[in-house]
Every structure is written in structure tokens, then in C-alpha cells.
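Peer 1: How does the following fold in three dimensions:
(one chain, ligands or ions: 1)
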Amino acid sequence: MKQSSASDWAAQLAGQTRKANELSRHLDVSDEQRAEISEATAKFPMAITPYFLEKALDSPALLKQVLPTKDELEIGAADLADPLGEEHDEVAPGLVHRYPDRVLLLVNDVCASYCRFCTRKRMVGGRKLPFTKKRMQECFAYIRAHEDVRDVIISGGDPLMLPDASLEYVVAGLRAIPHVEIVRIGTRIPAFLPHRVTDELCAMLRKYQPIYFSLHFDHPDEVTGRTVDALAKLADSGFPLGSQTVLLRGVNDDVDTMRELMKRLTRCRVRPYYMYQCDLAIGIEHFRTTVEKGLEIVAGMRGFISGYACPTYVVDLPKGGGKVPVIPEYLKYQDGNRLVFRNFEGREYSYTEPTIDEPAVKRFPAVNE
Ligand SMILES: *Cc1c(COP(=O)(O)O)cnc(C)c1O
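Peer 2: Got it, this is the predicted structure:
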């Protein structure tokens with residue numbers, strides 16, 4: 001396993017590809033394409049770490065996630081600047097309180113690489129929500145005053161872009177609040193910049209357990225090489241690891257790719273947590289597919305691969321409705337006490353319920369009758 005040091009990750013950040021003309025060192029970029037990339041990056045910046053770019057040059061599904069295109073300039077009829085209504089639920093700058101017992105804390109607005117389909121395009125890219133201790137103090141004050149908050153999700157941007165001392169400031173500040181039971185760190189660093197996962201980082205965070213990681217992975221080609229080492233280091237340090245995947249047209253919208261991704265993650269001790277329907281952020285319609293397609297993929301995973309490898313498919317509803325699970329229908333119809341299901345292979349099986357009080361009452365809608 002390669003040991004990572006602070007100079008490794010600083011070198012990766014110094015080597016980011018940020019300009020259209022820098023890409024031509026690695027890719028054939030026409031003049032027309034260069035102009036389109038410049039136009040797209042004026043709206044939402046490009047940054048690609050050398051580590052990720054090297055993989056992406058061999059994997060169209062990876063390149064598509066980070067390479068700007070003219071499609072981003074098309075604004076769909078349903079697109080929203082703030083698709084999840086986070087600003088509506090903002091209770092302090094960068095603190096979103098939507099659910100009863102947990103809050104989302106956006107600590108910064110920069111990432112190691114920028115996903116073109118970012119749901120927080122409105123604020124990510126390094127100009128809107130920088131890390132400051134003063135802002136963190138305002139967020140801590142809110143959390144301290146709200147004893148119902150027992151779970152804090154640290155996100156951004158990418159929290160692991162902060163130096164260890166700043167990240168420790170956040171985590172220690174949260175841990176000092178007695179009713180905060182768990183802290184989660186949402187990050188795509190293991191995919192983009194695994195060098196950041198150093199022994200020092202793990203040792204520092206271990207002092208503040210329980211800390212969960214929500215890791216963003218979209219394609220099996222991301223789960224290779226140093227990324228696998230970084231995941232082992234995090235798991236060996238005792239952090240429960242979960243993953244989040246965005247369903248993306250032309251990237252991972254087929255059963256085989258999604259199965260392979262989930263199997264690789266599980267092998268790396270990452271428990272697939274959520275698979276997201278792609279949000280309505282501006283200029284990303286070309287990445288979206290239908291919920292029907294998502295359901296087909298879910299049905300192609302459940303039963304075929306370990307239950308541990310099956311994430312929950314959710315739509316994060318526009319305007320702050322929150323996450324709702326979408327599940328293929330396995331219950332076909334009810335006939336008195338008898339429920340008729342289809343199994344993962346499509347075969348019919350029935351289950352007879354006990355007679356409790358009113359057996360004739362239909363509790364589920366009758367389908368196919
Ligand atoms: C996703 C999210 C959470 C966490 O939801 P879980 O279902 O507990 O993972 C909390 N707050 C906001 C605003 C969110 O978007």
C-alpha cells in the first residue's frame with residue numbers, strides 16, 4: 001500500500017487541469033470544443049486531478065463526469081438553481097435543517113475535481129461559501145441551541161479539501177456539543193484525491209468517533225488503485241463507510257455497471273447507501289434518465305447480488321421535499337388473506353397472512369385483477 005503525505009496531495013492539487021488549453025496536453029481537443037469548454041467553465045469551473053485524469057483517459061464514463069461540454073449551456077424547462085431548496089431550509093450560512101434530528105453543514109465550496117452534474121453548482125467552485133471559523137461558530141451556536149439535532153452531516157464542496165487543522169476545528173466543535181451523537185463526512189476525495197487520506201488524517205479523526213463517511217462513487221473504474229488503498233485505511237481506522245451514487249445517463253445507467261460498482265464497493269468495506277435519481281440542477285439534463293430506468297436497475301440488483309450491496313434508490317424531491325425511496329413493486333395483488341408476489345426472477349409466489357380481525361378488508365390495492 002502506498003503511503004500518502006501532505007506533499008502528495010498538495011502536488012495533485014497543484015497539478016489540476018483547470019483550463020481548456022491545458023486539456024490538449026492529454027486529449028485531442030478541437031478549436032470548437034475548446035471554445036465550448038471555455039464557455040461552460042465560465043458558468044461552472046473545471047478542475048481535474050492528475051490522478052483522476054489518468055484514469056479518465058482510459059474510461060469514457062469517468063471522463064464524461066468531469067469534462068465540460070456544450071450540453072451544460074442548455075437550460076431544461078424543469079431546471080432549478082437550487083434544486084433541493086437548500087437555501088429555503090438554511091438556518092445559518094451553510095447550515096441546512098430539513099429533517100427533525102439532523103442537519104447538513106456545508107463547510108466549504110471547493111472540491112478536488114468538479115462533477116459536471118453537481119447538485120450544488122449554484123455555490124460550489126470557490127467563490128460563494130469559503131470556510132471560516134466565524135461562520136462555523138454561527139453554525140455551532142444553532143446546533144447547540146437545538147437539542148433535537150443528534151446527527152450532523154459535514155459536506156460542501158468537499159470537507160476533506162480542508163487542511164487537517166481546519167477539519168479538526170469543525171469536528172471538535174461538533175463533538176463539544178453533548179447532544180450531537182454522530183458526525184458524518186460526505187466526500188468524493190477517495191475517488192479524486194486518495195492521497196489526501198493520510199495516517200495523520202485518520203489518527204486525528206479517530207479521536208472524535210463515531211464518524212461515518214458518506215463516499216461518492218459513480219462507476220466501478222473509480223474503485224481501483226490508490227482509491228482502494230484509501231478505503232482500506234479508512235475502514236481499518238474504524239469509520240463506518242457508506243456510499244452515494246448518482247444515476248447518470250451514459251455513465252452508469254445499466255444493470256451490469258451498477259452491479260459491478262456495488263460489488264466492488266462492498267469488497268472495499270463500503271456499504272452502498274443511496275443511489276440517487278439525478279437532481280434538477282441547471283444544465284445537467286443530458287445526465288438525467290428516467291425513474292423507470294432507475295427501477296429497472298434496482299430490480300436487476302436486488303436478489304442478484306448480496307443484499308449488503310444493494311443501495312436504496314431515492315429521489316431527493318425538488319424544493320426541499322426531502323429524500324423518498326422508490327422501490328419496484330414486488331407485491332402483485334391480494335386475494336383475501338393471500339398476497340401474491342413476484343420474486344427477483346419474475347416468478348409468482350404467494351404468502352398467506354394470519355387472520356387477525358377483518359381478513360376480508362383489502363389493505364393493499366388490488367392490481368391485475
Ligand atoms: C440527505 C440529507 C440529510 C441526510 O439524510 P439521511 O436520509 O439521514 O441520509 C440531511 N439533511 C439534508 C438537508 C439532506 O439533504
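Peer 1: Residues contacting the helix or strand in which residue 140 is found, please?
Peer 2: Element membership for residue 140, per DSSP states H and E: helix 133-145. Under the criterion CB atoms under 8 Å, 6 or more residues apart in numbering, residues 91-95, 97, 103, 105, 107, 149, 152, 169-170, 173-174, 176-177, 180 lie in contact with helix 133-145. Where you see a C-beta, it was placed from the backbone N, CA and C, and this is true even at glycine.
Peer 1: ok, 6 Å please
Peer 2: 91-93, 95, 105, 149, 170, 173, 177 (CB atoms under 6 Å, 6 or more residues apart in numbering).
Peer 1: out of these, what pair is the most spread apart?
Peer 2: 93 and 177 (18.1 Å; CB to CB).
Peer 1: returning to what we had before: the contacts of helix 133-145 into a markdown table, with extra columns for neighbour count, distance to the ligand and pLDDT?
Peer 2: As requested, the contacts of helix 133-145 are exported to a markdown table (neighbours: other CB atoms under 10 Å; distance: CB to the nearest ligand atom, whole Å; pLDDT from 0 to 100):
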| residue | neighbour count | distance to the ligand | pLDDT |
| --- | --- | --- | --- |
| 91 | 15 | 11 | 97 |
| 92 | 18 | 13 | 97 |
| 93 | 14 | 15 | 96 |
| 95 | 24 | 10 | 98 |
| 105 | 26 | 9 | 98 |
| 149 | 22 | 10 | 98 |
| 170 | 24 | 16 | 98 |
| 173 | 18 | 19 | 98 |
| 177 | 18 | 17 | 98 |
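Peer 1: Which ones among those residues lie within helices?
Peer 2: 170, 173 (DSSP state H).
Peer 1: Out of the contacts of helix 133-145, the closest to residue 246 would be?
Peer 2: Using CB to CB, the contacts of helix 133-145 come closest to residue 246 at residue 105, 20.9 Å.
Peer 1: which bits of the stretch 151-300 of the chain sit near the ligand?
Peer 2: residue 153 (CB under 6 Å from any ligand atom).
Peer 1: All the strands of the stretch 151-300 of the chain, residue numbers only.
Peer 2: 151-155, 182-187, 211-216, 241-246, 270-276 (DSSP state E, counting those that start in this stretch).
Peer 1: possible to save those as a markdown table with mean pLDDT and distance to residue 4?
Peer 2: Shown next, in a markdown table, are the strands of the stretch 151-300 of the chain (pLDDT from 0 to 100; distance: least, CB to CB, whole Å):
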| stretch | mean pLDDT | distance to residue 4 |
| --- | --- | --- |
| strand 151-155 | 98 | 21 |
| strand 182-187 | 98 | 15 |
| strand 211-216 | 98 | 16 |
| strand 241-246 | 98 | 17 |
| strand 270-276 | 98 | 19 |
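Peer 1: Turn those strands into JSON lines, including mean neighbour count and distance to residue 119.
Peer 2: Listed next are the strands of the stretch 151-300 of the chain as JSON lines, based on neighbours: other CB atoms under 10 Å; distance: least, CB to CB, whole Å:
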{"stretch": "strand 151-155", "mean neighbour count": "21", "distance to residue 119": "10"}
{"stretch": "strand 182-187", "mean neighbour count": "22", "distance to residue 119": "12"}
{"stretch": "strand 211-216", "mean neighbour count": "22", "distance to residue 119": "11"}
{"stretch": "strand 241-246", "mean neighbour count": "21", "distance to residue 119": "8"}
{"stretch": "strand 270-276", "mean neighbour count": "21", "distance to residue 119": "9"}
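Peer 1: Looking at the stretch 101-250 of the chain, which residue is nearest the ligand?
Peer 2: residue 104 (4.0 Å; CB to the nearest ligand atom).
Peer 1: Can you tell me, leaving aside adjacent residues, what's nearest to that residue?
Peer 2: Among residues not flanking residue 104 along the chain, residue 96 sits closest, at 4.2 Å (CB to CB, 6 or more residues apart in numbering).
Peer 1: Mind pulling up the pLDDT for that neighbour?
Peer 2: Confidence at residue 96, expressed as pLDDT, is 97.
Peer 1: I'd like the distance between it and the ligand.
Peer 2: As judged by CB to the nearest ligand atom, to the nearest Å, residue 96 and the ligand stand 4 Å apart.
Peer 1: Burial check on that residue, number of neighbours?
Peer 2: 22 (other CB atoms under 10 Å).
Peer 1: Which residues in stretch 128-135 does the neighbour count mark as buried?
Peer 2: For stretch 128-135, a neighbour-count test (16 or more other CB atoms under 10 Å) marks 129, 131, 135 as buried.
Peer 1: and if you look at stretch 282-292?
Peer 2: Buried, per 16+ other CB under 10 Å, within stretch 282-292: 282-289.
Peer 1: and residue 48, bridged to which residues?
Peer 2: Beta-bridge pairing of residue 48 under DSSP bridges involves residue 17.
Peer 1: Isn't it up against residue 67?
Peer 2: No: between residue 48 and residue 67 there is no contact under CB atoms under 6 Å: 7.8 Å.
Peer 1: Give me the more crowded residue out of the two.
Peer 2: Taking other CB under 10 Å, residue 48 and residue 67 do not tie; residue 48 has more neighbours (25 against 20).
Peer 1: Show me where the stretch 251-369 of the chain dips below the pLDDT cut-off.
Peer 2: Scanning the stretch 251-369 of the chain for pLDDT under 70 picks out the ranges 358-369.
Peer 1: mind listing what the closest residue to residue 190 other than its chain neighbours touches?
Peer 2: Of all residues not flanking residue 190 in the chain, residue 230 sits nearest, at 4.5 Å (CB to CB, 6+ apart). When contacts are counted by CB under 6 Å, 6+ apart, residue 230 touches 190, 194, 197.
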